[in-house]
Structure formats: structure tokens, C-alpha cells
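Student: just coords:
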């Protein structure tokens with residue numbers, strides 16, 4: 001396993017729509033393991049493949065706390081099939097937009113179909129933080145960032161800040 005460099009705003013790859021995974025095999029599982037290692041090292045609770053430069057419809061999530069046993073989830077070709085009308089608000093952050101957090105309102109619960117790491121079709125009914133995290137990461141697969149859910153004024157300020165920071169650093173793929 002290896003830690004992958006993270007793609008940081010304003011890298012245009014973050015706006016790409018990811019392509020479906022065509023085959024679940026050992027190579028893809030190894031990539032999922034690398035994504036998990038990268039997410040844990042960052043540290044974060046979710047990571048989409050596009051955030052490490054791979055425009056594939058795959059994401060990983062682990063909501064376990066530091067003092068708990070790890071509980072990694074791999075979602076391949078995830079798709080939200082339904083969402084609640086009830087809304088909830090969480091303060092979100094993103095490994096591709098380091099050190100910036102904002103309140104985002106999303107559906108309180110979602111139903112998601114996906115393939116697991118063995119290629120078996122699964123469905124999850126998620127609420128709370130898991131629902132928020134799934135929506136956040138699936139947004140990444142569609143070229144959408146959490147800052148797209150905040151006011152235009154705040155979003156423009158964040159983008160401007162990260163464009164300025166990008167001028168002061170080497171290419172946007174930063175190793176964790």
C-alpha cells in the first residue's frame with residue numbers, strides 16, 4: 001500500500017466527472033487500499049478517487065473515531081437512488097480544500113446502490129454523518145465540491161485564496 005498525493009483546489013481535475021469502474025479486480029482493490037491509507041494519513045473520513053488524480057467512480061469512507069477499530073467502506077460506482085425531504089446541516093471540510101470548513105445543508109438520509117470491493121451489488125440506507133459523507137464524496141465523482149453548496153460570495157473568496165496559494169507552491173498534487 002502507498003499514500004497517494006492529494007489533488008488540491010484549484011486543480012481542474014476536481015471538476016471532472018469520473019468514469020464508471022468497468023471491472024473490479026485485484027488492481028482496483030489495491031488502489032482502494034491505497035486510497036484508504038491516503039485518507040487515514042491526511043487524516044480524513046472520506047476520499048474520492050478523483051482526489052488522488054484518478055477519475056474513477058470509487059470512494060472510501062471510514063467514520064470510526066481514533067480510539068475505535070477501523071471500519072473502512074469501499075463504494076464502487078455509487079449512485080444515490082433516493083434521498084429524504086428532511087434536511088440536516090453539518091460543518092464540512094475537504095482534503096482537497098485544506099483547512100476550510102463551512103456549514104452545508106443536505107438531505108438527512110439517502111439510499112445508495114454500489115458495488116463492494118468484491119464486485120457484489122449492495123445497497124445502503126444512510127443517515128446522519130454517513131449520509132452527509134456519501135453525498136459529499138459522490139459529489140466529487142460528479143465534479144461538484146462542497147463549496148458549491150455555499151454562497152457565491154464565500155465560494156469565490158475560497159477559490160481566490162486557493163488560486164493565490166497555488167502560485168506559491170509546486171504542482172497541485174501535494175503528498176500527504
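Tutor: Yep, that arrived. Computed from a prediction, not measured in an experiment: that's the story for all the values here.
Student: how much space is there between the most centrally placed residue in the chain and residue 112?
Tutor: Centroid-nearest residue in the chain: residue 137, 3.2 Å away (criterion: Cα atoms, centre = their mean). Applying Cβ to Cβ, to the nearest Å, the value for residue 137 to residue 112 is 10 Å. Quick note: C-beta positions are derived from backbone N, CA and C, even for glycine.
Student: Quick check: neighbours shared by these two?
Tutor: The overlap between the contact sets of residue 137 and residue 112 (Cβ atoms under 8 Å, 6 or more residues apart in numbering) consists of 75, 78.
Student: Now do the same contact list for the residue located most distally from the centre of the chain.
Tutor: Note on the chain: the largest C-alpha distance from the chain mean falls to residue 168, namely 25.2 Å (Cα atoms, centre = their mean). Applying Cβ under 8 Å, 6+ apart to residue 168 gives no contacts.
Student: Would you mind checking the average pLDDT for stretch 45-65?
Tutor: For stretch 45-65, the mean pLDDT works out to 97.
Student: I meant stretch 133-149, not that one.
Tutor: The average pLDDT within stretch 133-149 is 98.
Student: Flag every buried residue along it.
Tutor: 133-141, 143-147, 149 (16 or more other Cβ atoms under 10 Å).
Student: do the same with stretch 151-171
Tutor: Buried positions in stretch 151-171, judged by neighbour count with 16+ other Cβ under 10 Å: 155, 158, 162.
Student: Doesn't residue 161 lie inside a helix?
Tutor: Yes - counting by DSSP: H, G, I helix; E, B strand; the rest coil, residue 161 is located in a helix.
Student: pLDDT value on it, please?
Tutor: As predicted, residue 161 sits at a pLDDT of 93.
Student: need the contact list for it.
Tutor: Going by Cβ under 8 Å, 6+ apart, residue 161 touches residue 100.
Student: tell me the secondary structure for residue 31?
Tutor: The three-state label given to residue 31 by three-state DSSP is helix.
Student: Now do the helices in the chain.
Tutor: For the chain, the helices defined by DSSP state H cover 26-41, 128-141, 152-167.
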